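Asks: Got a predicted structure here, sequence first:
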Amino acid sequence: MLYLLQRASRAAVARANTRTMEQLGVSATQLGTLAHLARHPGSSMTDIADLFDLNKSAVSGMLSRLEKAGLVERRPNPNDGRGSLLFLTDRGWNVRASAMPLVKRATAEMTDGFSAAEVDVIYRFLNAIVERYSEDGEATS
C-alpha cells in the first residue's frame, strides 16, 4: 500500500504542477503555500517547511520566488529579530482565488467514478494517515 500511496501522490502532484504552472504560473507547492497563508497569515518559514516536509533551504528558495513574483511579503517577526512572518499580497490573494476553480476541477477528476460515500471514505482514510503520522496532525479536506 505504501508504494501505491507514493505513486498516487507523485502522479497527482505532477498533474497538478503541470496545470498550475500553465494556468497560474505557480507550482502546486507554491499554490499550497498561498492557500496555507490565506488560512494562517503570519506563518513562519519553519511552518511552511513543516507543512510540506521540506528543508528550510528549499522553502527559502520557494518563498523568494513567491516574493519576487509579488505574491507573498515578509514582515519582521516582533518576537524574533532574525525571523520574518509571511503574508499574502493582493496579487497573492488574486492568484489563490483564481486557483479555486482549478482545484475543484482537479478534485472532480480525481474522484470521478466514485460515489459521495466512497469519496468520504477516501478523505477519512487520507486524513487518518495525516493525523496518525505527521508531526502536526493537521488533517484537511
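Replies: Good, I have the coordinates.
Asks: ok, for Ala16, nearest residue in space, not its chain neighbours?
Replies: Using CB to CB, 6 or more residues apart in numbering and skipping the chain neighbours, the partner closest in space to Ala16 is Ala28 (3.9 Å). All C-beta spots, glycine's among them, are computed from the backbone N, C-alpha and C.
Asks: isn't the one you found right up against Val13?
Replies: Yes: Ala28 sits in contact with Val13 when judged by CB atoms under 8 Å, with a separation of 5.6 Å.
Asks: before we move on, the earlier item: from Ser9, how far off is the residue nearest to Ala16?
Replies: Using CB to CB, to the nearest Å, we find Ala28 at a distance of 11 Å from Ser9.
Asks: Looking at those two, which is more packed in?
Replies: Ranked by neighbour count (other CB atoms under 10 Å), Ala28 and Ser9 place Ala28 first, with 21 against 11.
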